[in-house]
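Student: I'll drop the sequence and a predicted model, then ask my questions.
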Amino acid sequence: MEKFEFTGYRPNQPNWFKRLDKAGRVWVNIEPDPLYENDDYWYTYTIAVAYLWTPDGISIAYEGDTIVNRYGYCELEQNDL
């Protein structure tokens, strides 16, 4: 079982995740949002979200979540607390 910590930085995403993205089973949305303006300069931060199509429906992964490869689809890792 392969897994990785989701980040919006595409070079850090494994090849299997990129293949699922191309196959339409994952959609990654990365958008810069303005944070505040200071002396005519906009500081921004980036929001990275991945939508995961699974047999049970759609899951949403945020930056820092662990995504597991289920060979044909991927899902969020379930942590037993």
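Tutor: Okay, I see it. Since this is a predicted model, take the numbers as computed values, not measurements.

Student: So which residue is smack in the middle of the protein?
Tutor: Ala50 (3.5 Å; C-alpha atoms, centre = their mean).

Student: tell me the contacts of the nearest residue to that one once chain neighbours are set aside?
Tutor: Distance criterion C-beta to C-beta, 6 or more residues apart in numbering; nearest residue to Ala50, sequence neighbours excluded, is Ala61 at 4.2 Å. In this view, the C-beta of every residue, glycine as well, is placed from N, C-alpha and C. When the contact criterion is C-beta atoms under 8 Å, 6 or more residues apart in numbering, the partners of Ala61 are Phe6, Val49, Ala50, Tyr51, Leu52, Ile67, Leu76.

Student: what about the residue nearest to Cys74 when sequence neighbours are not counted, is that helix, strand or coil?
Tutor: When the adjacent residues along the chain are set aside, Cys74 lies closest to Ile67, with 5.2 Å between them (C-beta to C-beta, 6+ apart). Here Ile67 takes the strand state, with states given by DSSP: H, G, I helix; E, B strand; the rest coil.

Student: One more: the one 4 residues further on?
Tutor: When the structure is split into helix, strand and coil by three-state DSSP, Tyr71 lands in coil.

Student: thinking again about what came up before, sticking with the residue nearest to Ala50, tell me its helix or strand.
Tutor: Using DSSP states H and E, Ala61 maps to strand 57-62.

Student: mind listing what's buried in that strand?
Tutor: Buried residues in strand 57-62, counting neighbours by 16 or more other C-beta atoms under 10 Å, are found at Ser59, Ala61.

Student: where's Arg19, which helix or strand?
Tutor: Using DSSP H and E, the secondary-structure element containing Arg19 is helix 15-22.

Student: Now Gly8. Its backbone dihedrals?
Tutor: Dihedral angles phi and psi of Gly8 (degrees, to the nearest 10) take the values phi -80, psi -10.

Student: is it true that it touches Gly64?
Tutor: No - contact criterion C-beta atoms under 8 Å: Gly8 and Gly64 do not qualify, at 10.4 Å.

Student: Great, nothing more from me.
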